[in-house]
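A.B. asks: Requesting a structural model of the entry that follows:
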Amino acid sequence: MAFVKLLVTIAITTAITIAVITTRTNTTVEHTSFDAPGTLTIKPSRFLTQKEVGERNPNAADHCNKDPEICSFYGGGGSNSTVTCCNNKCIDVASDDKNCGACKNKCKFSQTCCRGQCVYLSYDKRHCGQCNHPCEFGELCVYGLCNYA
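C.D. replies: Numbering: from 1, shown residues only. Below you'll find the predicted structure:
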């Protein structure tokens, strides 16, 4: 009977030790950086950091259908802003593949949203290989490269 008590005590001690070690490791050593020569700054885990006052999470539901002006903060405001309210979230319709140019306008497989249009980056002369990368006059876009071959 004493042997069983000893095994249980060792198991509990081991479990507590592992829990303490992993908790300390995740919060103190995970994010470190050197700000100046010889100065080490220890930053807390991203799950423990606090947001600044007024800082917003762009992925959070903003309830923009109730207040459409919320989305204008993300796009810089003005008439040139491409950020709009889609499905109660602020979305940049100029670059979002699921809401390209308008809400719920999904690009096809292998297409990318560039300036609110679904394009094939492999063959589009205006967006060759990446958005807003035009080929020179007379060049063709093949496999995402201007004048391939």
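A.B. asks: hey, which helix is longest across the chain?
C.D. replies: Across the chain, the helix with the greatest residue count (assigned by DSSP state H) is helix 2-28.
A.B. asks: What is the neighbour count of C141?
C.D. replies: Using other CB atoms under 10 Å, C141 has 22 neighbouring residues. C-beta coordinates here come from the backbone N, C-alpha and C atoms, glycine included.
A.B. asks: again with V119
C.D. replies: If you count neighbours by other CB under 10 Å, V119 ends up with 19.
A.B. asks: Helix, strand, or coil at the nearest residue to it once chain neighbours are set aside?
C.D. replies: For V119, the nearest residue in space outside its immediate sequence neighbours is H127; the separation is 5.0 Å by CB to CB, 6 or more residues apart in numbering. With DSSP: H, G, I helix; E, B strand; the rest coil as the basis, the three-state label of H127 is coil.
A.B. asks: Hmm, H127 is touching C113, no?
C.D. replies: No: applying CB atoms under 8 Å as the test, H127 and C113 come out as separate, 10.0 Å apart.
A.B. asks: Mind listing the shared neighbours of the two?
C.D. replies: Listed contacts common to H127 and C113 are V119; contacts here mean CB atoms under 8 Å, 6 or more residues apart in numbering.
A.B. asks: Provide a list of residues in contact with C103.
C.D. replies: T84, C86, N87, I91, V93.
A.B. asks: just the buried members of these?
C.D. replies: Burial by neighbour count, 16 or more other CB atoms under 10 Å: within the contacts of C103 this picks out T84, C86, I91, V93.
A.B. asks: out of the residues you listed, who's nearest A2?
C.D. replies: When the buried ones among the contacts of C103 are compared for distance to A2 (CB to CB), I91 comes out closest, at 66.4 Å.
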